[in-house]
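Colleague: model this:
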Amino acid sequence: MRELPSEVAIIRALADSVCKKISRKTIRYLQSLDQALLSGDDSRLTSTWEEVCVQVQYEESLFWDSYDETVKQVILGYVSSLIAYERAAVWLRTDAGCQWDEDEPADWSSDDIVNYIAANYVYLEAGRWSNPQIRWFIERSAMRD
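Modeller: Take a look at the predicted model:
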């Protein structure tokens, strides 16, 4: 007979599934944003997602705060539509959730959830993402330094 997973394992698996789904949706949305790119016309970058990847992999531009805000606003839109138990599972994986004392009321902060997904899923993926445009931009920038 198979042993059932613990509550912690179930919460972790649910949170990971929800975060991966939100991360994929966020990336797809950022890939669709091809207007008002801040990297310049000669950059060869074709989407906001590519610009984020370059900044995570190479160096943050003066506009990093704008990119970070955009990423987090997109994530917040998806977090806002989560079912309560999905939101709770993800929050329990954040620093605040890990430190939560069950005798106290839970905060379930959207900011905690958004920051967690951005740092541990979206930006982690941006650090691994590559294509010819990203490689060209980074190589060209490295030669200038």
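Colleague: where do the helices sit along this structure?
Modeller: Here the chain has its helices, by DSSP state H, at 7-32, 48-57, 64-79, 84-91, 95-98, 110-117, 123-128, 132-144.
Colleague: Of the ones you listed, which stretch is the most buried?
Modeller: Burial of those is given as mean neighbour count (mean count of other C-beta atoms under 10 Å); helix 48-57 ranks first at a mean of 23. (Glycine included, C-beta is placed from N, CA and C.)
Colleague: Turn the helices of the chain into CSV, columns for mean pLDDT and distance to residue 39.
Modeller: Shown next, in CSV, are the helices of the chain (pLDDT from 0 to 100; distance: least, C-beta to C-beta, whole Å):
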stretch, mean pLDDT, distance to residue 39
helix 7-32, 96, 14
helix 48-57, 96, 5
helix 64-79, 97, 10
helix 84-91, 95, 31
helix 95-98, 88, 32
helix 110-117, 97, 24
helix 123-128, 98, 14
helix 132-144, 89, 7
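Colleague: any chance of those helices in JSON lines, with distance to residue 38 too?
Modeller: Formatted as JSON lines, the helices of the chain follow (distance: least, C-beta to C-beta, whole Å):
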{"stretch": "helix 7-32", "distance to residue 38": "13"}
{"stretch": "helix 48-57", "distance to residue 38": "7"}
{"stretch": "helix 64-79", "distance to residue 38": "7"}
{"stretch": "helix 84-91", "distance to residue 38": "30"}
{"stretch": "helix 95-98", "distance to residue 38": "30"}
{"stretch": "helix 110-117", "distance to residue 38": "22"}
{"stretch": "helix 123-128", "distance to residue 38": "16"}
{"stretch": "helix 132-144", "distance to residue 38": "13"}
